[in-house]
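S.K.: Quick one: sequence and predicted model below, then my questions.
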Amino acid sequence: IGQTMAQNEQSTTTRRRLNPFRKKPLWVILQEEQESAFTRTNEGIGNPENLTHHGGHETDDAIELPSIKQSSNSSKRNGPERSVDCDGAEGCGFSLEYSDDEGEQNSGLDANSSQSQIHDPNTHEKQNHSKTHHPHQHLHRHLSLFDLVSIGVGGTIGSGIFVLNGLIANQYAGPSTFLSWIISGIAAGLSGCCYAELSGRIPSAGSSYAYAFCALGELPAFVTACFLTLEFLLSGSAVARSWGDKVIEWLRVELSASELVLQILDPGYGINPMACLVSIATTILVLGGVKESKMVTDFFTWVKVVLVVFMTVGGFLLMQPSNLTPMIPPEFGPSGILRGAVSSFFGYLGFDAVCCVAGEAINAEVNLPRSIMITLFIVTTLYVAAAISLVGMQNYTEISPKSGFPEAFQDRGVGWASQITAAGEVFTLPVVVLISVIIQPRLQFALAEDGLIPQMFGELDSTGNPKKGTLFAGVIMTLFATFVPFHYLDDFVSAGILLAFTITNSSLVIMRRRSPESSPFLLEKLLAWFNLNSFLLSLTLSHGMNSPIGWVFAPLLLFLSLSTVVKISRNCPPLTTFGNIEEDTTHLYGSRKYFSTPCVPFIPCLGMMTNYFLISQLSFFGIALLVAYAIIAALFYFAYGARHSILNDGSLQYAMVERHEERHHNEPTHNTTSTTTISVDEGVLT
């Protein structure tokens, strides 16, 4: 040990080793959730006899795990010489080699003794920083299944009903618009299945970020979180700006507002005062308290659903069967249905918002998967029914691509219904902005808890509300909504969201499959190869089929993509437990039955191909902007996140080491010598 200490100190003075793909072990997240349940019980929140109603687990399922807050004495262990690589399923980011026998039991490491405290020059500073800078806090679990569905439905239904239906019917698919929605709904369901399983298995705030941290590593997770910021923060800004434009149009057309009022509300130069107003109002509401913002979200979401039902029923009552023929207009053809499906898919973005509030969901392991599936079912049903009613009420050639239902009601002579529809859209659209302000601080909270962004974003008030994070997100969203014209950023935001979906799908494959022992990292290599081929195939199908080269490369890339999926299925066997979590922690899962995505890896990979095809439909400027954004995110990670990560915490590293030792605690031994060599990331020897 002394020799190892000397070598380690010498090596750390000449080089520093950082693994940006180090993973947060799944058992750490599960233990945090269990501790959260007992903390809430000790504070009088919840019933200790039925902790599952508060997102925890029954006390019978409790087990003893190495504490991630403080080191405990290492128990005496016997066992043959072993070598454990923790960069594998556990993702610890360090390697462990040791052999013990009864002749050397008295020389076991004591984590609390000064003799065993081994430091590199910066270890003490890092550990102190971790203890003071990462106080473990818990969001309060208060969101029921109804609340989760409200967030999912409210965050998803928006322009899909009010704008996209008319646009697709008029320019792409005609009366067959409902087929476009069904196709895109199935495509959304491919990623939805992955979200449903991961949200139940990893019930932690952060959505795709949390899943990528366990499956892909710290750097991919951080970049994924930055992509999610596009979905929640910038998309919320875009909706606020869209709402401001609709208010001005509504005042101009329906209320005949004076030119002075219109000039004040639309001063030009890209400034949108109404977007500023709605952003500030929603931020103040969320700062006012979790309970109040939850009630407002529930109210506005279901008012919006009632409005959509009103529009749909009204359309069916005014339907003219002649408007439904021909079902597939000859000028569009079957390809028009597919083009409509591409456009309509963006109407499903937002269903994953419920995963970001996993840390506040009651009985999260059950309610999160249910809420995702219920959200997708409700949204798809409303989209399909509304599409049929719209094209039945008015001929597709006359449908307005910007204001379908209000114009259609007006055309049929039902002015009052047109006014209700226009006013209802203005009244209910801000709920999307509100949900964005609720979700983004939760994502920041998850990042701050892991040390990847400043700790202030992880501070909670007495009600469990991240006020500082909310204020920061609200200010940024207000600035973007007020001053940034989003027609330059739409494709940039959409590409980021679709990449977050793709990363989630990849994470599920890694958590369900493993590389064979004879070929380490085969699964990761095959997934990377599949992603590359799928992206190139999508670009070829979208932009290269006008040349003979495209007709040559498209079948080749399709074959390579499909053969890679088959190879994953055949050569990478399924894991016996989710995420390769060991038997001694499966008690954290209890005896529950979790949602399981069928046909892995085929469904996740098909979802990835769908996402890449949609990305290929976007402008090259938007894709290039996303690449630059990802590079900036990676630079911030190396400049700040990697240095302050919770994975640098010496006590957490010790807990990881102890868990690997406990795997072999009861195995027989025939060794007569004992050597212990432990090398940890960044030169820290514990």
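M.R.: On my side now, so go ahead.

S.K.: Could you list the residues in contact with stretch 159-166?
M.R.: 177, 242, 308, 311, 343-344, 346-348, 379, 382-383, 386-387, 390, 399-405, 407, 425, 429 (Cβ atoms under 8 Å, 6 or more residues apart in numbering). For glycine as for every other residue, the C-beta is placed from the backbone atoms N, C-alpha and C.

S.K.: And those residues, which of them are buried?
M.R.: 177, 242, 308, 311, 343-344, 346-348, 379, 382-383, 386-387, 390, 399-401, 403-405, 407, 425, 429 (16 or more other Cβ atoms under 10 Å).

S.K.: can you tell me which of the residues you listed are in helices?
M.R.: For those, the ones inside helices are 177, 242, 308, 311, 343-344, 379, 382-383, 386-387, 390, 404-405, 407, 425, with DSSP state H as the criterion.

S.K.: Can I take it that H138 is in a strand?
M.R.: No - counting by DSSP: H, G, I helix; E, B strand; the rest coil, H138 is not part of a strand but coil.

S.K.: G336 - how many residues pack around it?
M.R.: Using other Cβ atoms under 10 Å, G336 is surrounded by 22 other residues.

S.K.: That one against P329, yeah?
M.R.: Yes - contact criterion Cβ atoms under 8 Å: G336 and P329 qualify, at 7.3 Å.

S.K.: what do those two both touch?
M.R.: 173-174, 176.

S.K.: Among those residues, which one lies nearest to I510?
M.R.: The closest of these to I510 turns out to be A173 (Cβ to Cβ; 37.1 Å).

S.K.: so what's the backbone phi/psi at the spatially most central residue of the chain?
M.R.: Per Cα atoms, centre = their mean, the C-alpha nearest to the average position across the chain is that of S208, at 2.7 Å. According to degrees, to the nearest 10, the main-chain angles of S208 amount to phi -60, psi -30.

S.K.: pretty sure it is touching A500, no?
M.R.: Yes - contact criterion Cβ under 8 Å: S208 and A500 qualify, at 4.7 Å.

S.K.: dump the residue contacts of E524.
M.R.: 510, 515.

S.K.: Could you give the number of residues near K593?
M.R.: 8.

S.K.: just checking, it is part of a strand?
M.R.: No - remark: K593 does not belong to a strand; assigned using three-state DSSP, it is coil.

S.K.: which residues are contacting stretch 635-645?
M.R.: 18, 20, 129, 133, 218-219, 222-223, 450-453.

S.K.: what two of these are the furthest from one another?
M.R.: H129 and V223 (23.6 Å).

S.K.: Just want to know which of the two has more residues nearby.
M.R.: The residue with more neighbours, out of H129 and V223, is V223; 25 against 17, by other Cβ under 10 Å.

S.K.: how near is that one to F480?
M.R.: Using Cβ to Cβ, to the nearest Å, V223 is found at 20 Å from F480.

S.K.: sorry, back to before: shared neighbours of S208 and A500, anything?
M.R.: Common neighbours of S208 and A500 (criterion: Cβ under 8 Å, 6+ apart): 224, 227-228, 352.

S.K.: Among those residues, which are located in strands?
M.R.: Among the shared contacts of S208 and A500, the subset assigned to strands under DSSP state E is empty.

S.K.: got any ranges where this protein has weak pLDDT?
M.R.: For the chain, applying pLDDT under 70 flags the ranges 1-17, 32-137, 581-592, 650-686.

S.K.: Which member of the shared contacts of S208 and A500 is positioned nearest A628?
M.R.: Using Cβ to Cβ, these come closest to A628 at F227, 13.2 Å.

S.K.: Around that closest one, count how many other residues there are.
M.R.: 25.

S.K.: That one touches V493, doesn't it?
M.R.: No - using Cβ under 8 Å, F227 is not in contact with V493, being 9.4 Å away.

S.K.: Just the element for L635, please.
M.R.: Secondary-structure element containing L635, defined by DSSP states H and E: helix 620-636.

S.K.: how far is that helix from where the chain is centred?
M.R.: Centroid displacement of helix 620-636 relative to its chain, using Cα atoms, centre = their mean, to the nearest Å, is 18 Å.

S.K.: Next: stretch 485-503.
M.R.: Put simply, stretch 485-503 sits 14 Å off its chain's centre (Cα atoms, centre = their mean).

S.K.: which other helices and strands contact the helix or strand encompassing I549?
M.R.: Using DSSP H and E, I549 falls within helix 548-571. Under the contact definition 3 or more Cβ pairs under 8 Å, 6 or more residues apart in numbering; DSSP states H and E, helix 548-571 sits against helix 522-543, helix 602-616.

S.K.: Okay, buried residues for that helix please.
M.R.: Residues 553-554, 557-558, 560-562, 564-565, 567-569 are the ones in helix 548-571 that count as buried (16+ other Cβ under 10 Å).

S.K.: Can you convert the shared contacts of G336 and P329 into TSV and add a column each for distance to Y195 and neighbour count?
M.R.: Below are those laid out as TSV (distance: Cβ to Cβ, whole Å; neighbours: other Cβ atoms under 10 Å):
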residue	distance to Y195	neighbour count
A173	27	31
G174	32	27
S176	29	25
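
S.K.: Just put those in a markdown table and tack on distance to G270.
M.R.: Listed next are the shared contacts of G336 and P329 as a markdown table, based on distance: Cβ to Cβ, whole Å:
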| residue | distance to G270 |
| --- | --- |
| A173 | 33 |
| G174 | 35 |
| S176 | 38 |
